[in-house]
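In: Have a look; sequence and predicted model below, questions after that.
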Amino acid sequence: MKKLKDYKNFQEYISDVPREYDLFVSKSIEISDKIQKILKKNQLTQKQLSVKLEKKESEISKWVAGSHNFTLKTITKIESILNEELIKIAPSKDNKIEKSNIRLLPHTKSPNPEYKKKSKILINKVSDK
């Protein structure tokens, strides 16, 4: 990417921004806006959210400013606390987990036969859907 001074005008500069960066900024702002709307709807402050998430209020402030690089772990924790989805992923047509795709790894310390039995039952239930 060229330096800002190398562009004739701002529009030329903007048109040269990589698509991935543009998408990142758009999605970050959408997530931040959604957090703000949920907080307002539930009459929660950033401070209250920070307490629930065990974060500093300044960090929450950065999140709602729209420039934070959210991890999936952070997003799911926020969704859990606020009890609302921030990102909705449409289910695929073939949403089944096949038995052949799952391997049970034995515990390194004292393998529990009950764990293996329950895991096999769970895998069968998921595959049978």
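Out: Everything's here; your move. Numbers count the residues shown, from 1 in each chain.

In: What ranges in this protein fall below the confidence cut-off?
Out: Counting by pLDDT under 70, the chain has low-confidence residues at 1, 94-129.

In: do that again at 50, thanks
Out: 107-110, 115-129 (pLDDT under 50).

In: any idea which helix is longest in it?
Out: Longest helix of the chain, by residue count under DSSP state H: helix 19-41.

In: Give me the neighbour count for residue 75.
Out: Other residues within reach of residue 75 by the criterion other C-beta atoms under 10 Å amount to 15. In short, each C-beta sits where N, CA and C put it, glycine included.

In: What's the separation between it and residue 13?
Out: For residue 75, the distance to residue 13 under the criterion C-beta to C-beta, to the nearest Å works out to 31 Å.

In: hang on, the earlier thing: check which helices and strands the helix or strand that the longest helix of the chain is followed by sits against.
Out: Moving toward the C-terminus from helix 19-41, the next helix or strand (DSSP states H and E) is helix 46-53. For helix 46-53, the helices and strands in contact under the criterion 3 or more C-beta pairs under 8 Å, 6 or more residues apart in numbering; DSSP states H and E are helix 19-41, helix 57-65, helix 72-82.

In: now those helices in a markdown table, with distance to residue 51?
Out: Shown next, in a markdown table, are those (distance: least, C-beta to C-beta, whole Å):
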| stretch | distance to residue 51 |
| --- | --- |
| helix 19-41 | 13 |
| helix 57-65 | 9 |
| helix 72-82 | 10 |
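
In: Need the residue closest to the centroid of the chain.
Out: What sits nearest the mean C-alpha location of the chain, by C-alpha atoms, centre = their mean, is residue 72, with 3.0 Å.

In: Following the record's annotation, map out the domains of this structure.
Out: Structural domains of the chain, as assigned by automatic domain parsing, span the residue ranges 4-82, 99-128.

In: Pick the most deeply packed of the ones you listed.
Out: Of all the domains of the chain, domain 4-82 carries the top mean neighbour count, a mean of 13, counting by mean count of other C-beta atoms under 10 Å.
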